[in-house]
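Enquirer: Have a look at this prediction, sequence included:
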Amino acid sequence: MAENELRVGVIGVGMMGADHADRLVHRVAGARLVAVSDPDTARAAALAGRYDGVRSVDDPLALVADDEVDAVVIASPGFVHEEQVLACIAAGKYVLCEKPLTMDSESSLRVLRAEREAGKELIQVGFMRRFDPQYAQLQQLLASGDLGRTLLLHNTHRNKSVPNPEFRSEMIVRDSLVHEVDVARFMFGQEITTIQVLSPAPTSHACEGVVDPQVALFTMAGGGVVSNEVFVNCQVGYEVRCEAVSERGTAIAGRPQSGLYTTRVGEPAGSWGGTVDPDFIARFGLAYDLEFQAWVDATRRGEVVGATSWDGYASTAVCEAGMQSLASGQPVAVTLVDKETLT
Ligand SMILES: NC(=O)C1=CN([C@@H]2O[C@H](COP(=O)(O)OP(=O)(O)OC[C@H]3O[C@@H](n4cnc5c(N)ncnc54)[C@H](O)[C@@H]3O)[C@@H](O)[C@H]2O)C=CC1
Ligand SMILES: O=C1[C@@H](O)[C@H](O)[C@@H](O)[C@H](O)[C@H]1O
């Protein structure tokens, strides 16, 4: 084992967990995948069998407690994140938890308070767009002040389709829009104070009763406004971009080459004169790699980078207000606890 090599365990090895396991083995330096855990024990065993020296552990909490595991990646469904992140805090282990941190603001606050009481930052939340080179460059440009004060953001977030017929309107807010919530907070460096979710007439490609697309409006603490389109059954491909409008110019992260830009259904699936990425693993593969490398490097230094537990809590609180707005159509104020006292 290389000196100070980080021994990592991955909890939940479905689509994202398996991809993260592979990146830890093949594309991240300074870390070694040593264990995986999933209630689908056959799936975990099959994944472990693909790599040398990786054990399958039946109980995810046993993986957290395992002496040979230095740090943990959580890629289980959001509704089990709280228990698993709390276990990592109790064991004093650094954790990279996929978004959302938890399912609601109360449970995120419990996690945040537990981390505070432990006296050490341990949690990074998997908001990978912060590590995408174009998104990172846009944030640096806005923060530099070269374009003057930022006035507006326009976010677009389209998925070709969602695999799960249970992907209801609320999940579009909690699982998809949550990325735009983090992007808005990241780009402005401010909290979101109100959210309104509008419900246009849905596409015929959405399941019965599902509001897709959705348009969400955020008001930022400094008065800026963010418009967001989330459309998870757009049929074409994965299109994610962010346009910033500032006092002295504009900038777009996530736009392919210049020229006439159209997208259409057809062969090859999704095209604009080049191709539209099929999904988030293709579009953000590099961002996940950079996110993991940054996590491993920071963990070996005893630090946390990227989105913190506060960012996880704040984004969950905004989505909670967003779900209320989805039901009423009205703007809903976002209430956060005091960041210093957590009360
Ligand atoms: N950052 C990003 O772009 C993305 C993040 N995600 C997030 O990643 C996480 C996993 O999502 P997917 O891989 O798409 O889901 P998935 O359904 O493909 O995989 C989830 C896995 O977790 C396992 N699981 C269920 N209960 C568990 C428990 N109690 N403990 C451990 N494992 C358990 C399931 O058996 C399954 O293997 C979610 O939090 C999701 O929001 C998902 C897609 C993209
Ligand atoms: O996090 C993700 C998924 O959970 C979500 O379902 C998708 O809409 C997002 O594009 C993807 O990045």
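Expert: That came through, no problem. Ligands and ions are numbered 1, 2, ... in the order given.

Enquirer: show me what contacts the nearest residue to A118 once chain neighbours are set aside?
Expert: Excluding its sequence neighbours, the residue lying closest to A118 (C-beta to C-beta, 6 or more residues apart in numbering) is I89, at 5.2 Å. All C-beta spots, glycine's among them, are computed from the backbone N, C-alpha and C. Residues counted as contacts of I89 (C-beta atoms under 8 Å, 6 or more residues apart in numbering) are V95, V111, A114, E115, A118, L122, I123.

Enquirer: Which strand residues bridge the last one?
Expert: Translated: I123. Beta-bridge partners for I123, by DSSP bridges, are V95.

Enquirer: my read: it touches S309, true?
Expert: Yes. If you go by C-beta atoms under 8 Å, I123 and S309 touch, sitting 4.3 Å apart.

Enquirer: so what sits against both of those two?
Expert: Counting by C-beta under 8 Å, 6+ apart, the shared contacts of I123 and S309 are L101, V111, E115.

Enquirer: which ones among those are found in helices?
Expert: Residues of the shared contacts of I123 and S309 located in helices (DSSP state H): V111, E115.

Enquirer: can you list the shared contacts of I123 and S309 in TSV and add neighbour count, distance to ligand 2 and pLDDT?
Expert: Output for the shared contacts of I123 and S309, formatted as TSV (neighbours: other C-beta atoms under 10 Å; distance: C-beta to the nearest ligand atom, whole Å; pLDDT from 0 to 100):
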residue	neighbour count	distance to ligand 2	pLDDT
L101	31	13	98
V111	24	19	98
E115	22	23	98
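
Enquirer: quick one: which of the shared contacts of I123 and S309 is nearest M323?
Expert: Of all the shared contacts of I123 and S309, M323 sits closest to L101, with 15.7 Å by C-beta to C-beta.

Enquirer: Phi and psi next, for that closest one.
Expert: Main-chain dihedrals, L101, degrees, to the nearest 10: phi -60, psi -50.

Enquirer: Against V211, how distant is it?
Expert: Distance from L101 to V211, counting by C-beta to C-beta, to the nearest Å: 24 Å.

Enquirer: again, but for V265
Expert: To V211, V265 is 22 Å away according to C-beta to C-beta.

Enquirer: Pick out whichever of the two has more residues nearby.
Expert: Applying other C-beta atoms under 10 Å to V265 and V211 shows that V211 carries more neighbours, namely 20 against 12.

Enquirer: is it true that that one touches S325?
Expert: No. Using C-beta under 8 Å, V211 makes no contact with S325, being 11.6 Å away.

Enquirer: Now for the protein, the helix or strand with the poorest mean pLDDT.
Expert: strand 249-253 (a mean of 93; mean pLDDT, DSSP states H and E).

Enquirer: mind listing what T343 touches?
Expert: V337.

Enquirer: try 10 Å
Expert: T343 is in contact with L109, R113, V337, counting by C-beta atoms under 10 Å, 6 or more residues apart in numbering.

Enquirer: Same question for E106.
Expert: E106 touches E82, Y313, T316, A317, E320, counting by C-beta under 10 Å, 6+ apart.

Enquirer: now the last one, what's its secondary structure?
Expert: For E320, the secondary structure call by DSSP: H, G, I helix; E, B strand; the rest coil comes out as helix.

Enquirer: How many residues are close by the residue lying closest to L147 once chain neighbours are set aside?
Expert: Leaving out its chain neighbours, the residue that sits closest to L147 by C-beta to C-beta, 6+ apart is S246, at 3.6 Å. Number of residues near S246 (other C-beta under 10 Å) recorded here: 19.
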